[in-house]
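> need a 3D model of the following:
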Amino acid sequence: MNEPVDEDLNEPAVPENQLADLDVDPALAAAVLEIEQHASQGGWDQPARLYALVDTAQLVVHEPALASAMGLDASSEQGSLTPIEQDQLDPGQQLERVLETIAWPGQVTGCAAVVERLVLPPEADPEIPEDPDEAAAYAREHPARQELRMVAGVTREGSTYCAMRFRSHDDDTKVVGGADLVPALLELLAATLTDEQ
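Have a look, this model is predicted:
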């Protein structure tokens, strides 16, 4: 499997068995896939994005005007999560560093992030420079590089879900999903939902 150059996010660990995870939270999976679809409509070479995930029924109760504008109602949206995109990150900001400074309020059920990365085949590993800037330049110039969009989401209850799409296979039927595809990013997201911050 391809490995990313950015070690902060770990390698996307696509499971050998692509069967659906039995422990996946369906509301979280639906929200992550909705975000992935939204991101794919914007095309590639997009900045990282961050989303709050809120319980849709609670959104309808506490923000009726917003819910109405979004076409949501309590009866049809029971048990679902609504993604709310946050302000766009500054181009110079790394998502990983931003996540280290965030603590979501209690009414936020979960959060999700979208990030694009270059990945290289495993045989390129020995040649990757130690210096992060040199490693990034090496990845950009490598003939076997691939571009990957990752969407990862977590909830306060500990549920996780990820969706990944390669630019070379930019097709809705080629999106890979699973509970633990990008462990380091999931860990960073989960840390923003703890009460200890």
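> burial of residue 143, as a residue count?
5 (other C-beta atoms under 10 Å). (Glycine included, C-beta is placed from N, CA and C.)
> ok, residue 52 next?
For residue 52, using other C-beta under 10 Å, the count is 20.
> secondary structure element for it?
Assigned by DSSP states H and E, residue 52 belongs to strand 49-55.
> which outside residues touch that strand?
28, 31, 35, 39, 80-86, 88-89, 95, 98-99, 102, 104, 107-114, 153, 155 (C-beta atoms under 8 Å, 6 or more residues apart in numbering).
> ok, that strand: who's next to it in the sheet?
Partner strands and pairing direction for strand 49-55 (DSSP bridges) are strand 81-85 (antiparallel), strand 110-120 (antiparallel).
> check which element follows it along the chain.
helix 56-62.
> show me what counts as buried in that following helix.
By neighbour count with 16 or more other C-beta atoms under 10 Å, helix 56-62 contains the buried residues 56-57, 59-60.
> quick one: the top helix by length along the chain to strand 110-120, angle?
Longest helix in the chain, counting residues (DSSP state H): helix 26-41. Interaxial angle, helix 26-41 versus strand 110-120 (axes from the mean of the first three to the mean of the last three C-alpha atoms, to 10 degrees): 50 degrees.
> enumerate every residue touching the residue nearest to residue 53 when sequence neighbours are not counted.
In space, and not counting its chain neighbours, residue 53 is closest to residue 110: 3.8 Å by C-beta to C-beta, 6 or more residues apart in numbering. Taking C-beta under 8 Å, 6+ apart as the contact definition, residue 110 lies against 28, 31, 52-53, 81, 153-156, 159, 193.
> filter the residues you listed down to the buried ones and hand me the ChimeraX line.
Restricted to buried positions by 16+ other C-beta under 10 Å, the ChimeraX selection for the contacts of residue 110 reads:
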select :28,31,52,53,81,153,154,155,156,159,193
